[in-house]
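Undergrad: Starting from these lines, generate the structure:
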Amino acid sequence: MPGQEMRALRRTAPGFIALALAATLGVATFHTAFAADKPAMTQASKKISFSRLYTSADGVSHFMNDELTLASTGGAGLEGAMATNRIGDVKGVMFASLKAGATEDWHVAPRRQFMVCVGGIVEVTASDGEKRRIMPGQFLLLEDTTGKGHITHAAGTDDHVALAVPLPDGVLVKK
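TA: So this is what the prediction gives:
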């Protein structure tokens, strides 16, 4: 019986993680807690690293590394113990799943959106040939909405599950 319970927990854990991510991203704010033993005002900014997939003028997609800066809200209590980066109000947040081993051939992103890997491993190939693997807990900003696009492959033994969070106009625009 313990083996069956463990398998059931493994199947449901990504669901709990997904719900937590949806709750966090649904309000369009990334949070990180500061150390409880230090006042919020003395904390330095925090950074979250992510990959960005964009299209250059010649229609070829490329990866670049980027960061989100999380800063203190300056509030009191729990709010004061958090660092945030508000990405704005979002609509059309959804989960997407790709069967393990499946490949989506060349395609462009339907809109600028974060793809947060909730489960499985996804390998994304830019049209310049570079490949990156995105693991659970990592995210990618897809903004190759024109050109040749990219290939998406569920590289692991588990289905790839992602949370798609569309970005409002003007947010995190590449410089």
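Undergrad: CA only for contacts and neighbour counts going forward, please
TA: OK.
Undergrad: shaky segments in this structure?
TA: For the chain, applying pLDDT under 70 flags the ranges 1-44, 175.
Undergrad: and the longest strand belonging to the chain, which strands flank it?
TA: What stands out as the longest strand in the chain, according to DSSP state E, is strand 61-72. In the sheet, strand 61-72 lines up against strand 46-55 (antiparallel), strand 82-86 (antiparallel) (DSSP bridges).
Undergrad: Of these, flag the one that's most buried.
TA: Comparing the strands paired with strand 61-72 by mean neighbour count (mean count of other CA atoms under 10 Å), strand 82-86 ranks first with a mean of 21.
Undergrad: Sheet partners, orientation included, of the following helix or strand past it?
TA: Following strand 82-86 in sequence order, the next helix or strand is strand 94-98 (DSSP states H and E). Strand 94-98 has its sheet partners listed here by DSSP bridges as strand 160-166 (antiparallel).
Undergrad: related to what we said a few turns ago, give the buried residues for the next helix-or-strand element following the longest strand of the chain.
TA: Heading C-terminal from strand 61-72, the first helix or strand you meet, by DSSP H and E, is helix 77-80. Within helix 77-80, the residues that qualify as buried are Gly80, counting by 16 or more other CA atoms under 10 Å.
Undergrad: Helix 77-80: how far from the chain's middle?
TA: Centroid separation for helix 77-80 versus its chain: 25 Å, with CA atoms, centre = their mean, to the nearest Å.
Undergrad: Ok, stretch 141-150 next?
TA: Relative to its chain's centre, stretch 141-150 lies at 16 Å (CA atoms, centre = their mean).
Undergrad: Stretch 86-100 now?
TA: 9 Å.
Undergrad: That stretch: end-to-end distance?
TA: 33 Å (CA to CA, to the nearest Å).
Undergrad: Would you mind listing the buried residues in it?
TA: Within stretch 86-100, the residues scored as buried using 16+ other CA under 10 Å are 86-87, 93, 95, 98-100.
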